[in-house]
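> Got a predicted structure plus its sequence, pasted below:
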Amino acid sequence: MKRLTTEIDPKSEGFQARADDYAHLLDQLGDNLDWALDGGGEKMVRRHRERGKILVRDRIDLLIDPGTGFLELSPLAAIGLYENQLPAAGIVTGIGSVRGTSCMIIANDATVKGGSFYRETVKKHIRAQEIAMENRLPVLYLVDCGGANLNQMEEVFYDENHFGGTFHRQCRMSAKGIPQLAIVFGECTAGGAYIPALCDEFIMVQDAASIHLGGPQIVQAAISETVNRMDLGGAAMHTLTSGVSDNMAPDELSGLGRLRDMVEALGYQQPYAVPRGAVEPPLLNIEEIPGIVGTDLSRPFDQREVIARIVDGSAFHEFKPAWGETLVCGFAQLEGFPVGIIANNGVLFSEACLKGAHFIELCDQRNMPLIFLQNTTGFMVGSEAERGGISKHSAKLVYAMSNAHVPRYTVITGSSYGAGNYGMSGRGFRPRFLFMWPNARLGGMNPDVGSAVLMDLRRASISRGADSEVELAEHEAKLRAMFEEKSDPYFCTARLFDDGIIDPRDTRRILGLCVALGNTLPDTGGHRPVYRM
């Protein structure tokens, strides 16, 4: 397979300037991640520890196999919302290895609003369950939960993707043979009680954990019974009397050890469906990606330079390299796994759409997962493009991508605007994972086009009096600021439109883990004929 070469000079002034600019984005990302890691703040963390409890990420570190990594998902959920008082949306989710088994871990952070479920908490919990279901990962719930936030009932209670949806998914996964295990560290009341109750097995920590559908205050109000929390639903009562709990641990550390034993006792098989080849690091330096990409989205960069720094041996067999050139397609290996890569090198013309659809069918036939690297303003517009059938051909790309049986993984490396996001496996088309780089932008239109369209509508409005030039300029500035804000990666990640903002230099490692998870599944139903669209 051909080895990619580079046109990049890391010693050039332009490269150094772009790398310096990107360093500021990485510093900002680091500061924001520190916000998430701080949990509910110094006061709440101190009180948590005074109660003899372990912090949520420390619990996860103790649970997963020593020396292994943990892929935390959406760590910046809810950033900028609720006056920044809901770090990580009060819940930590991610994938880690427990006794050699890859598991989804869903852990409440009791230092953040008592572990209560807000809108973003529910969305993050459900997203983790969907990933677990799709990849057949056992789910381990580390429960320290105050139930649903009663002030947000319309956001967390009524609908299919609200709090009840988490229990529905839990039941469905158990029915499909995907193990559901839990450990309860603290209070687990109201709807939160169903998290452990619906698990296949669970553990409670003695003198700390409690489970009850209605807490002491509710019991007093409902039936005038006075009872304390432990008598009502403590670990000893539920383990020795009611039988609700399957095991009682004397402390958190022992409980985490028993949860590890439960995972080992599952005997859960995760064989690779696709043979894994020898892993060869890229020949080119992944540390150079920030200097290649930079922060100016108006300046194009060649996605081949990115591909060369994330695939094994920088080897890439490009498909149709001389046709449909604004879409780069080709075959490679990533951490030993064969993959197909589709990457934007600009706007999507009809030729690029047909090329992409053809390539997707090839990968589907060969049972080869697809990686999408997004950097596009969308599909080409204009009379020439319409006469050339862009609507039809772009639909072919969307159709082929939507119906591919193989796993899809998406990274937004630059712009992701309009229907280009759709054709390139955006979130609406349910890729297995979707990550953004700190320089990325995601939106229905880029700020230039979006503000221009709305300004034309304003000028043409017959229901308004004529605006002065000053008023028009002020309105245009507000529109542009709105589009900029709503395409910002932190705006998007706060609302869980992705699975997290990642450092570009971690892309190979993260994609390698995701592809490995997808390859634990049986054959995905490929080996279909290629119609060449």
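Received it, and whenever you're ready, just let me know what you need.

> what's the spacing between residue 494 and residue 117?
16 Å (C-beta to C-beta, to the nearest Å). All C-beta spots, glycine's among them, are computed from the backbone N, C-alpha and C.

> oh sorry, the question was meant for residue 501
For residue 501, the distance to residue 117 (C-beta to C-beta) stands at 23 Å.

> Give me the more crowded residue out of the two.
The neighbour comparison of residue 501 against residue 117 (other C-beta atoms under 10 Å) goes to residue 117, with 29 against 25.

> okay, now the nearest residue to that one once chain neighbours are set aside: neighbour count?
Nearest residue to residue 117 in three dimensions, chain neighbours excluded: residue 148, at 4.8 Å (C-beta to C-beta, 6 or more residues apart in numbering). For residue 148, the count of nearby residues is 22 (other C-beta under 10 Å).

> again, but for residue 58
Residue 58: 12 neighbours (other C-beta under 10 Å).

> and if you look at residue 44?
By other C-beta under 10 Å, 17 other residues sit near residue 44.

> now do residue 491
18.

> next one: residue 69
The burial count for residue 69: 14, using other C-beta under 10 Å.

> where's the closest residue to residue 193 other than its chain neighbours, which helix or strand?
Closest residue to residue 193 apart from its sequence neighbours, by C-beta to C-beta, 6+ apart: residue 211 at 4.9 Å. Taking DSSP states H and E as the definition, one finds residue 211 inside strand 210-212.

> for that strand, the distance to its chain's centre please.
Computed by C-alpha atoms, centre = their mean, to the nearest Å, the chain-centroid distance of strand 210-212 equals 31 Å.

> now do stretch 423-435
That offset, for stretch 423-435, works out to 10 Å (C-alpha atoms, centre = their mean).

> Would you indicate which residues of it are buried?
423-427, 429, 431-435 (16 or more other C-beta atoms under 10 Å).

> Among those, name the ones in strands.
433-435 (DSSP state E).

> just so I have it, where are all the helices in the stretch 201-350 of the chain?
Here the stretch 201-350 of the chain has its helices, by DSSP state H, counting those that start in this stretch, at 216-223, 229-233, 235-237, 252-266, 289-293, 303-307, 350-365.

> pull the helix or strand with minimum mean pLDDT from this protein.
helix 447-460 (a mean of 76; mean pLDDT, DSSP states H and E).

> List of residues touching that one?
377, 417, 443-445, 464, 467, 472, 475-476, 479-480, 483-484, 487 (C-beta atoms under 8 Å, 6 or more residues apart in numbering).

> contacting residues around residue 500?
Counting by C-beta under 8 Å, 6+ apart, residue 500 has contacts 72-76, 435-436, 493.

> Which of those ranks first by neighbour count?
Top of the contacts of residue 500 by neighbour count (other C-beta under 10 Å): residue 74, with 28 neighbours.

> so what's that one scoring on pLDDT?
Per-residue confidence (pLDDT) for residue 74: 98.

> same deal with residue 18?
97.

> show me what contacts the nearest residue to it once chain neighbours are set aside?
Take residue 18 and drop its neighbours on the chain: the residue closest to it by C-beta to C-beta, 6+ apart is residue 294, 3.4 Å away. Applying C-beta under 8 Å, 6+ apart, one finds that residue 294 lies in contact with 17-18, 21-22, 301, 439.

> ok, 7 Å please
The neighbourhood of residue 294, defined by C-beta atoms under 7 Å, 6 or more residues apart in numbering, consists of 18, 21-22.

> residues touching residue 154, list them.
With C-beta under 7 Å, 6+ apart, residue 154 has no contacts at all.

> Make a markdown table out of the ones in strands among the buried residues of stretch 423-435 and add pLDDT and distance to residue 49.
Shown next, in a markdown table, are those (pLDDT from 0 to 100; distance: C-beta to C-beta, whole Å):
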| residue | pLDDT | distance to residue 49 |
| --- | --- | --- |
| 433 | 98 | 34 |
| 434 | 98 | 36 |
| 435 | 98 | 33 |
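
> would you put the C-alpha positions of stretch 417-426 in CSV?
Extracted C-alpha coordinates of stretch 417-426, given in CSV (Å, rounded to 0.1, in the frame of the first residue of the first chain):
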residue,chain,number,x,y,z
TYR,A,417,-22.3,23.1,7.8
GLY,A,418,-25.7,22.3,6.3
ALA,A,419,-26.5,19.1,4.5
GLY,A,420,-22.8,18.4,4.2
ASN,A,421,-23.0,17.4,7.8
TYR,A,422,-25.7,14.9,6.9
GLY,A,423,-23.9,13.4,3.9
MET,A,424,-20.8,13.0,6.0
SER,A,425,-22.4,10.9,8.7
GLY,A,426,-23.5,13.7,11.1
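
> Does residue 300 touch residue 346 like I think?
Yes: counting by C-beta atoms under 7 Å, residue 300 touches residue 346, with 6.4 Å between them.

> so which of the helices of the stretch 201-350 of the chain comes closest to residue 382?
Closest to residue 382 of these is helix 350-365 (C-beta to C-beta; 11.8 Å).

> who's in contact with the closest one?
319-320, 323-324, 326-327, 329, 340, 342, 370, 388-390, 393-394, 396-397, 400-401, 404-406, 423, 526-528, 530-533.

> ok, then the element right after that helix?
According to DSSP H and E, the helix or strand after helix 350-365 is strand 370-376.

> who touches the nearest residue to residue 492 once chain neighbours are set aside in this structure?
Nearest residue to residue 492, sequence neighbours excluded (C-beta to C-beta, 6+ apart): residue 442, at 5.1 Å. Residues in contact with residue 442 (C-beta under 7 Å, 6+ apart) are 412, 416, 421, 436, 487, 492, 497.

> I'd assumed residue 137 was in a helix, is it?
No: looking at residue 137 with DSSP: H, G, I helix; E, B strand; the rest coil, it is coil, so not inside a helix.

> quick one: contacts for the closest residue in space to it that isn't next to it in sequence?
Leaving aside its chain neighbours, residue 137 sits nearest to residue 104 (4.4 Å; criterion: C-beta to C-beta, 6+ apart). Applying C-beta under 7 Å, 6+ apart, we find residue 104 in contact with 95, 128, 131-132, 137, 139.

> separation between the residue nearest to residue 18 and residue 414?
Remark: distance between residue 294 and residue 414 (C-beta to C-beta) = 10 Å.

> Skipping its backbone neighbours, what lies nearest residue 206 in space?
Here the residue nearest residue 206, using C-beta to C-beta, 6+ apart, is residue 235, at 4.9 Å.

> phi, psi of the residue nearest to residue 117?
phi -70, psi 150 (degrees, to the nearest 10).

> In the stretch 251-400 of the chain, where is pLDDT below threshold?
The model of the stretch 251-400 of the chain has pLDDT under 70 over residues 272-275.

> Work out the gap between the strand or helix carrying residue 106 and the centre of the chain.
Under the criterion DSSP H and E, the helix or strand holding residue 106 is strand 101-108. Its chain's average C-alpha position is 14 Å from that of strand 101-108, according to C-alpha atoms, centre = their mean.

> so where do the strands sit in the stretch 151-300 of the chain?
180-189, 201-205, 210-212, 247-249 (DSSP state E, counting those that start in this stretch).

> For those strands, give me TSV that also has mean pLDDT and distance to residue 87.
Shown next, in TSV, are those (pLDDT from 0 to 100; distance: least, C-beta to C-beta, whole Å):
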stretch	mean pLDDT	distance to residue 87
strand 180-189	93	18
strand 201-205	97	24
strand 210-212	91	25
strand 247-249	97	27
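
> out of those strands, which comes closest to residue 169?
Between the strands of the stretch 151-300 of the chain, strand 180-189 lies closest to residue 169; by C-beta to C-beta that is 9.7 Å.

> what's the angle between the closest one and strand 101-108?
10 degrees (axes from the mean of the first three to the mean of the last three C-alpha atoms, to 10 degrees).
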